[in-house]
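**Student:** Give me the fold of what follows.
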Amino acid sequence: MRINAAPLFVPLSLLALAACSTAPPEPPPPAPQPIATPAPAPVQPKGDWIDWPITPGTWAYRTDGRGSLALFGEAGRDAIFIIRCDQSRRQLFLSRVGSVDEGAKMVLRASAGVAAYPAANNGGIPAYTAISVSPNDIMMDRIAYSRGRFAVETSGLESLAIPAWPEFSRVVEDCRA
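**Tutor:** Coordinates of the predicted model:
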């Protein structure tokens, strides 16, 4: 009796081929992630704030559906400081470019006094840090009558020396009306 080996040969051949096949190559290990280095602390002006160089820029006054605002900065760039009157809330919002950590303070200095306020990020792009104050806050008058400039110092951000021009006062007065 003769045994036909063909039916056994085909399955054994397939089994042998399956054993010889190679598994797909393993993916390479992920590239090492660079260690995040903290951003360097901003260079702060030296000396008394009244002697700091004025931050470059000019003021521009505008109105929109929410009220009035004055923007300070260089032409063709995002404003570095903004004062906005929100008429419906009867609140002033003072914002400066940059973001801060939780618990940050914004300190306003004028020739007649200083005041500190809790500051928070606005969540927009570009990032701004803002405070909210009443239009009757005494610091708004101190800034309006400051001798040529006022300073804005914010936790973790470069301090600003901004000229005290009429646009700032105009927004404050708009909010008081």
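
**Student:** Point out where this structure drops to low pLDDT.
**Tutor:** The chain contains residues with pLDDT under 70 at 1-25, 27-41.

**Student:** residues in contact with the residue nearest to Arg84 when sequence neighbours are not counted?
**Tutor:** Closest residue to Arg84 apart from its sequence neighbours, by Cβ to Cβ, 6 or more residues apart in numbering: Leu69 at 4.1 Å. Glycine gets a C-beta too; all of them are placed from N, C-alpha and C. Counting by Cβ atoms under 8 Å, 6 or more residues apart in numbering, Leu69 touches 61-63, 82-85, 171.

**Student:** Show me how to select, in PyMOL, the buried members of those residues.
**Tutor:** A single PyMOL command selects the buried members of the contacts of Leu69 (16 or more other Cβ atoms under 10 Å):
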select buried, resi 61+82+83+84+85+171
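
**Student:** picking that back up, so which strand or helix has the residue nearest to Arg84?
**Tutor:** strand 67-73 (DSSP states H and E).

**Student:** Direction included, what does that strand pair against?
**Tutor:** strand 58-64 (antiparallel), strand 81-86 (antiparallel) (DSSP bridges).

**Student:** quick one: the helices in the chain?
**Tutor:** Counting by DSSP state H, the chain has helices at residues 6-20, 138-144, 166-176.

**Student:** where's the nearest residue to Pro56 once chain neighbours are set aside relative to Trp59, distance?
**Tutor:** Nearest non-adjacent residue to Pro56, counting by Cβ to Cβ, 6+ apart: Glu74, 5.7 Å away. According to Cβ to Cβ, to the nearest Å, Glu74 and Trp59 sit 12 Å apart.

**Student:** Comparing these two, which residue is more hemmed in?
**Tutor:** Shown here are Glu74 and Trp59; by other Cβ atoms under 10 Å, Trp59 has more neighbours (20 against 12).

**Student:** Pretty sure that one sits against Phe168.
**Tutor:** Yes. Trp59 lies in contact with Phe168 (Cβ atoms under 8 Å); the separation is 7.1 Å.
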